[in-house]
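**Q** Please work out how this folds:
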Amino acid sequence: MSRRFSVVVAFVVAVGVVFGAAQITSGSTNSTKETVFVGLVPTRLLDTRENATTFDGFDQAVGRLDADTTYELDIASRAGIPIDAASVTANFVAANPSGPGYLTVYPCSVDRPLAAAVNYRPGEDIGNEFTVPLGPDGDICLYTFAETDLVVDVSGYYITSSGTGTPGTDGQDGADGADGQDAESPARVIWVADDGTGDFTLLSTALASVDATSTEPYVIKIAPGVYEEDERVVLKDDVDVEGSGQGITTIECACSSNSNGALNAAVVSATDVTAEIRHLTINNTGGGKAFSIGLFTDDVDDEFSMLHVTATAEGGSNNYGIYNAESSPTMNNVTATASGGTDSYGVYNNDESSPTMNNVTATATDAGTENYGVYNVSSEPSMNNVTATANGGVSSRGVYNFDSSPTMNNVTARARAGSASNYGVYNASTSTPTIRNSSITGTQNSIFNDSSSALVVATELDGDVTGSGFTCVGAYTASGGLDDTCQSG
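**A** Down below sits the predicted model:
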């Protein structure tokens, strides 16, 4: 089951406490692995119930699971659980099942075992706490025999390290064993923590210390906190940046500039790099100059990705949550917000950018003149499960296409009240978007074609369409169907 994105309502900061260790012996190598348990403040990772919330806004209120259904739940890199965690301890609850059944929990990398983690009865909330290994992708699978809601609260995880040392006495460290090996991967993991307990206190200084290659990539992990940078942070090739969660780790800067081309207006920039930035918030508070940008990409392809990232910008005359220039990054579970100034852009795709946008929320609001949820210029983005909203100002456009041909699937485009002209989707200068299974709303027009054409399939339109070049298949309004030109019959 695919994850559904929703707005973060609340979060709980996970605090790690090491409680103990055990040793696991591998018969094939006669070496041992010490497994250390790290306790966490109990943190909710999944709650399928209506109006429910999780700590980071993911896997919440997704709806009851049908009988004979398997739900894939991401665990690693959430709530302070590291990406290399071996297993997690959690409380698994079947809430108000429709019938008798059981819950099976297992790593998604293996076949579902014939075993029950929770046996449940109809109408009762029944839970059980136990430990389950994580799959290679840091996830677990939850199988429900009968329809039910599910709740998962994690309380700790296990980390392993190799070695065959013997225990010391009187509080002394034991001697290293003959076949003990230092783990190579942790040697290329750098920690940033604002309290001085990490390797560095800022992302910029951590990046400056790294000399990575494709064969020796690095990961920079950032502890919870707000990290104030004095100037733009430039990402490096083969260096991933991983925070502790959106709204939990925030990189902040008052980084405005009178030239967006110089990139100095951005808090974080990526130019022609292979890397990923994930599980954090980027916030540009601006400085009163022309441009204020949260995240700027320049000449990157799909080998640069954003995962569970929030990017915000304000304080400039022109504010951009995310600005892609000649770039085609992969954007998964991204929130981009811009507000204030003269013009605001949630996501701006410029100069033949073709990003893949999955589960993206783009919002522009409170600008004095124009607001754009998603603005495409000479670009061909793939927009899947995107919510694009523009509020206020003189003119608002949920999605604006200029000489662009985006593919829009399951897109919600809204231009809301408060401006004189609202357009759900505005197509200009020979744009040719394809819009499927979407919902488009605009007070002025749901879709406006200016020297453009649009294919609209199985889409709800709230507001008139204007212009020619419409080809509609199964388009409809709340009160009925539309003809093949998107007009009422």
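
**Q** So what's the gap between the one helix or strand residue 190 maps to and the chain middle?
**A** Assigned by DSSP states H and E, residue 190 falls within strand 189-192. With Cα atoms, centre = their mean, to the nearest Å as the basis, strand 189-192 stands 21 Å off its chain's centre.

**Q** what helices or strands is it leaning on?
**A** helix 203-208, strand 218-222 (3 or more Cβ pairs under 8 Å, 6 or more residues apart in numbering; DSSP states H and E). Every C-beta, even on glycine, is put in place using the N, C-alpha and C of the backbone.

**Q** Quick check: which of the ones you listed is buried the most?
**A** Among the helices and strands packed on strand 189-192, strand 218-222 has the highest mean neighbour count (mean count of other Cβ atoms under 10 Å), at a mean of 24.

**Q** can you list contacts of that strand?
**A** 82-83, 188-193, 203, 206-207, 210, 212, 238-244, 249, 251, 280 (Cβ atoms under 8 Å, 6 or more residues apart in numbering).

**Q** Now do residue 44 against residue 144, distance only.
**A** Distance, residue 44 to residue 144, by Cβ to Cβ, to the nearest Å: 18 Å.

**Q** How about residue 228?
**A** Counting by Cβ to Cβ - residue 228 and residue 144 are separated by 45 Å.

**Q** These two: which is more packed in?
**A** Remark: of residue 228 and residue 144, residue 144 carries more neighbours, 25 against 13, as counted by other Cβ atoms under 10 Å.

**Q** Identify the residues contacting residue 362.
**A** With Cβ under 8 Å, 6+ apart, residue 362 has these contacts: 321-322, 335-337, 346-347, 373-374, 386-389.

**Q** any chance of those residues in a markdown table, plus pLDDT, secondary structure and neighbour count?
**A** As requested, the contacts of residue 362 are exported to a markdown table (pLDDT from 0 to 100; DSSP: H, G, I helix; E, B strand; the rest coil; neighbours: other Cβ atoms under 10 Å):
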| residue | pLDDT | secondary structure | neighbour count |
| --- | --- | --- | --- |
| 321 | 97 | strand | 31 |
| 322 | 98 | strand | 35 |
| 335 | 96 | strand | 25 |
| 336 | 97 | strand | 31 |
| 337 | 97 | strand | 24 |
| 346 | 97 | strand | 35 |
| 347 | 98 | strand | 34 |
| 373 | 97 | strand | 36 |
| 374 | 98 | strand | 34 |
| 386 | 95 | strand | 29 |
| 387 | 95 | strand | 22 |
| 388 | 96 | strand | 31 |
| 389 | 95 | strand | 24 |
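
**Q** looking at it, residue 153 is touching residue 40, isn't it?
**A** No. Counting by Cβ atoms under 8 Å, residue 153 does not reach residue 40; the two are 9.8 Å apart.

**Q** Below-threshold pLDDT in the chain: ranges please.
**A** 1-35, 161-187, 260-262, 417-420, 489 (pLDDT under 70).

**Q** State the helix or strand in which the residue nearest to the spatial centre of it lies.
**A** Closest residue to the average C-alpha location of the chain: residue 308 at 1.8 Å, with Cα atoms, centre = their mean. In this structure, residue 308 is located in strand 304-313 according to DSSP H and E.

**Q** Parallel or antiparallel, list what pairs with that strand.
**A** When pairing is defined by DSSP bridges, strand 304-313 lines up against strand 275-284 (parallel), strand 330-339 (parallel).

**Q** May I have that strand as CSV, with CA atoms only?
**A** C-alpha atoms of strand 304-313 as CSV (Å, rounded to 0.1, in the frame of the first residue of the first chain):
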residue,chain,number,x,y,z
PHE,A,304,19.7,14.1,-7.2
SER,A,305,16.7,13.6,-5.0
MET,A,306,14.6,15.2,-2.3
LEU,A,307,12.8,12.9,0.1
HIS,A,308,10.6,14.1,2.9
VAL,A,309,11.8,17.6,2.6
THR,A,310,10.0,20.9,3.5
ALA,A,311,11.4,24.1,1.8
THR,A,312,10.0,27.5,2.7
ALA,A,313,10.9,31.1,1.7
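
**Q** And the next helix or strand past the strand ranked longest in the chain?
**A** What stands out as the longest strand in the chain, according to DSSP state E, is strand 31-47. Along the chain past strand 31-47, the next helix or strand (assigned with DSSP H and E) turns out to be strand 69-74.

**Q** relative orientation of that next one and strand 304-313 in degrees?
**A** 70 degrees (axes from the mean of the first three to the mean of the last three Cα atoms, to 10 degrees).

**Q** heads up, I number from 642, so please use that
**A** Okay, using 642 as the starting number, the last item reads as strand 710-715.

**Q** If you count neighbours, what's buried in strand 710-715?
**A** Using 16 or more other Cβ atoms under 10 Å as the test for burial, strand 710-715 gives 710, 712, 714-715.

**Q** Can you give me the domain boundaries for this protein?
**A** According to automatic domain parsing, the chain comprises the domains 658-801, 826-1122.

**Q** which of the ones you listed is buried the deepest?
**A** Mean neighbour count (mean count of other Cβ under 10 Å) peaks for domain 826-1122 among those, with a mean of 22.

**Q** hang on, the earlier thing: can I get the strands paired with strand 945-954 in a markdown table including distance to residue 1113?
**A** Formatted as a markdown table, the strands paired with strand 945-954 follow (distance: least, Cβ to Cβ, whole Å):
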| stretch | distance to residue 1113 |
| --- | --- |
| strand 916-925 | 39 |
| strand 971-980 | 29 |
